[in-house]
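1. My questions are about this predicted structure, shown below with the sequence.
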Amino acid sequence: MAPAIRRITAWGAVAAALAGVFALYTRPDVAVMLAEQFWACFGS
């Protein structure tokens, strides 16, 4: 694969991952669930 195509594919994958994370954080129940899991692991 040519380096330019590989670079475009990598940037596309990064953009898709960031868009997916942003989409999850727009749902409050997901943010609350992640916070509760984090608190369960590291909370007292």
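-> Great, that's in hand. Numbering: from 1, shown residues only.

2. contacts and neighbour counts: CA atoms only from here.
-> Will do.

3. Which residue ranges of the chain form helices?
-> 3-25, 28-42 (DSSP state H).

4. can you redo the ones you listed as TSV with mean neighbour count and mean pLDDT?
-> TSV is the format used below for the helices of the chain (neighbours: other C-alpha atoms under 10 Å; pLDDT from 0 to 100):
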stretch	mean neighbour count	mean pLDDT
helix 3-25	11	94
helix 28-42	11	91
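
5. what pLDDT does Ser44 get?
-> At Ser44, the model reports a pLDDT of 63.

6. Give me the most central residue, this protein.
-> Val21 (3.3 Å; C-alpha atoms, centre = their mean).

7. dump the residue contacts of it.
-> Taking C-alpha atoms under 8 Å, 6 or more residues apart in numbering as the contact definition, Val21 lies against nothing.

8. For it, give its distance to Arg27.
-> 10 Å (C-alpha to C-alpha, to the nearest Å).

9. can you check Ala16 too?
-> Ala16 is 17 Å from Arg27, by C-alpha to C-alpha.

10. what's the spacing between Cys41 and Ala17?
-> Distance from Cys41 to Ala17, by C-alpha to C-alpha: 25 Å.

11. Same question for Met33.
-> From Met33 to Ala17 the distance is 20 Å (C-alpha to C-alpha).

12. And Trp11, by the same measure?
-> Distance from Trp11 to Ala17, counting by C-alpha to C-alpha: 10 Å.

13. same deal with Phe42?
-> For Phe42 relative to Ala17 (C-alpha to C-alpha), the value is 26 Å.

14. ok, now Thr9?
-> Distance, Thr9 to Ala17, by C-alpha to C-alpha: 12 Å.

15. Please report how far Ala23 lies from Ala16.
-> Going from Ala23 to Ala16 by C-alpha to C-alpha gives 10 Å.

16. between those two, what contacts are shared?
-> With C-alpha under 8 Å, 6+ apart, Ala23 and Ala16 have no common neighbours.
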